[in-house]
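The sequence isn't on hand, but the structure is:
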Ligand SMILES: [Fe+3]
Ligand SMILES: [Fe+3]
């Protein structure tokens, strides 16, 4: 019986890296404090493996054959993919993978009725894994990583209730299938409000973001599902905001727990609301 | 507003071609009468296009990236794929495709919340399309065909209720999105009881097959869902019997209609129960 | 814009994926755009015209996914983290909102 | 056997798909089976051993999908519509039922 020792949710807006120096003090402080706190909590929890759920942004699959989830089982994950390098403007990074955990996750979720893809070769990573990695120095932490790329943006995609269900199945795999004593961390990477490539590219929905951070921090999944619906996400920004569904998977896995957040900024040039949560899983 | 002018369900056991000459008279009669009646009804209905739902049997995708549905939008479909030629032992065939209907189906089902893959290039066909084609001389009928390959065998796969729902969405696309006056036929290809490659390769579950043919012929989907469950299908043969789910899609599309069947045989060397249904859609 | 016009069957989506995954195709597009567009037999004339005219409004009305639309705009107008991507998103938003400049909708 | 042991992560599934899609690999397997099995770094030792011993019972107990198991048995023992496929299914069923011959379970 493995155990969940860490759980957090963060956004991955590339501009928090590329435009960090140009941002006003208050916006920089939120980025620094959020990712700083997440990084410290991660190191303090000493996970052997970190499972990261994050939107794939159409980076690995054509729109005509788009999977809901892809588990990466490579020995090593590296990024950003060439096309994204200049856009994100971050350093190259590499993370050790965990093929056996990836494989167990695929087998265990399949047996529990959740369709996943398994990719043994290299996956292409964009801001989804790159931004949290460089902002928390995850690539310096010596933690094995299993990325689970998620469809949050190509309709029809799994909704909030389904993502909580996927999360509960992930928890069952961790509890029942992974080796005893293994320490597992969970990270949801995505959101908050943004509309990448849409007509409201510069709009940020602060009201949605603050409500979401509040609901995500409370041990009340019914309230989360009631207030943070897909229509409300789309109202806050089509094709981007629904990335908060990656946090739903983590929430489903840990159950109803309290979380702490570290401020919020809606500085428009980040083109995305910024705030994060670390949940109490002790 | 296009209309559904033909709907039928048939099995596609390769031995009904390869071992036809060796079968006892009674078993040959069921094969000949079933596919004969389906072929005559098809020609009498004069569809412009026939949409065929059929199990993919792991022919086009790896088990680690297995889609629930693939719509073929090629200009021309041909088979059987090289690997299956000697096993099925049927003639080579080719059918005209209908890229525009394939495309509309993909677009329309996506918009109605059903995830499909769309394949513009050639698909590989096995007994799924080969057997009904050669036994009804579909390749001589001048009817355009849109194959929809379905996952009936790689868990987790869409269940009976979901397949009825997919069928209702297919009907909505036909009614609301396809060109007025277009005559559409629907064929479900799969089942009845069999366990290909399993320990009960030679077992046929006549009781299941007769009950299924009866339920499929009655205008009562609640009774169908109640009696023809996935556990009951698996009891009648793992990994094969669930192909009757292709008929569920057709049933979902036409609504509760009466159907006619043309006898049944459980001759063991067909390694599959044999019987078919043509539904009244007039 | 919402998802009601979304059309995942547009060939423009494949074009953006191919550009993203193939640096040589990107170079070819910059040199001879027509020769690249010719590779997509399923691309409709109106789709092609919208790409040629950089008319993202038309492309989105045909059903293009905005995420891939954003990537196409950056490929055309600038993809770097600083000035280029900002220029690209300004021009994209201007096209989508039907006028030639400025950044509306700032909160 | 039901789906409770099913393990879609087995490399044996990829082997069967590759054999099915690649006639040259089939020829190589018949000539030098080990050289083909060597191509699957994720194949476990017990999985490889079960293939080498034609022990389908062991393979299915490890979680192999029966449809791909059936195809592997036909590739090994005969794939033609007549005698070959019957021989293959007899031997497969015999392996699965743990004895060396006969066709049990005939209705
Ligand atoms: Fe994102
Ligand atoms: Fe079949």
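Yes, it's here. Computed from a predicted model, the values in this text were never measured in an experiment. Numbers count the residues shown, from 1 in each chain, chains lettered A, B, ... in the order given. Ligands and ions are numbered 1, 2, ... in the order given.

any idea which element residue A:134 lies in?
Assigned by DSSP states H and E, residue A:134 belongs to helix A:127-136.

Just give the strands next to the helix or strand immediately after that helix in the chain in its sheet, each with its orientation.
Under the assignment DSSP H and E, the closest C-terminal helix or strand after helix A:127-136 is strand A:144-150. Using DSSP bridges, the strands paired with strand A:144-150 are strand A:49-55 (parallel), strand A:69-72 (antiparallel).

looking at those, which is buried most?
strand A:49-55 (a mean of 26; mean count of other CB atoms under 10 Å in any protein chain shown). From N, CA and C alone the C-beta is placed, and that goes for glycine too.

ok so, going back, now do the helix holding residue A:134: distance to the chain's middle.
Put simply, helix A:127-136 sits 10 Å off its chain's centre (CA atoms, centre = their mean, to the nearest Å).

For the chain, which segments are assigned as helices?
In the absence of a named chain, this looks at chain A. Per DSSP state H, chain A carries helices over the ranges A:15-18, A:25-45, A:82-88, A:99-111, A:127-136, A:160-176, A:206-217, A:221-227, A:230-235, A:245-254.

That was the other one, I meant chain C.
C:11-21, C:23-31, C:33-37, C:45-52, C:56-62, C:66-77, C:83-96.

still on that earlier bit, tell me which of the strands paired with strand A:144-150 lies nearest to residue C:88.
With CB to CB as the criterion, residue C:88 lies closest to strand A:49-55 of the strands paired with strand A:144-150, at 20.6 Å.

chain center to the closest one: distance?
With CA atoms, centre = their mean, you get 6 Å for strand A:49-55.

try stretch C:88-98
Here the centre of stretch C:88-98 is set off from its chain's centre by 11 Å, with CA atoms, centre = their mean.

Nearest residue to the middle of the chain?
As the question left the chain open, I've gone with chain A. Central residue of chain A (CA atoms, centre = their mean): residue A:189, 1.7 Å from the mean position.

The chain in question should be chain C.
residue C:72 (3.6 Å).

what sits against the residue in chain C that chain D sits nearest to?
Minimum separation of chain C from chain D (CB to the nearest CB) falls at residue C:21, amounting to 22.3 Å. Residues in contact with residue C:21 (CB atoms under 8 Å, 6 or more residues apart in numbering or on different chains) are A:83, A:124.

go on, residue A:52?
Residue A:52 is in contact with A:129, A:132, A:145, A:146, A:147, A:148, A:187, A:188, A:189, counting by CB under 8 Å, 6+ apart.

How about the contacts made by the third one?
This points to residue A:145. Contact partners of residue A:145, counting by CB under 8 Å, 6+ apart, are A:49, A:50, A:51, A:52, A:77, A:95, A:96, A:97, A:98, A:129, A:138.

Redo those as JSON lines? Include distance to residue B:271.
Converted to JSON lines, the contacts of residue A:145 look like this (distance: CB to CB, whole Å):
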{"residue": "A:49", "distance to residue B:271": "45"}
{"residue": "A:50", "distance to residue B:271": "48"}
{"residue": "A:51", "distance to residue B:271": "43"}
{"residue": "A:52", "distance to residue B:271": "46"}
{"residue": "A:77", "distance to residue B:271": "45"}
{"residue": "A:95", "distance to residue B:271": "49"}
{"residue": "A:96", "distance to residue B:271": "48"}
{"residue": "A:97", "distance to residue B:271": "43"}
{"residue": "A:98", "distance to residue B:271": "42"}
{"residue": "A:129", "distance to residue B:271": "48"}
{"residue": "A:138", "distance to residue B:271": "53"}
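
Which one of these is nearest to residue B:83?
residue A:97 (33.3 Å).

Distance-wise, check residue A:183 relative to chain D.
Distance of residue A:183 to chain D, computed by CB to the nearest CB, to the nearest Å: 23 Å.

Okay then, goodbye and thanks.
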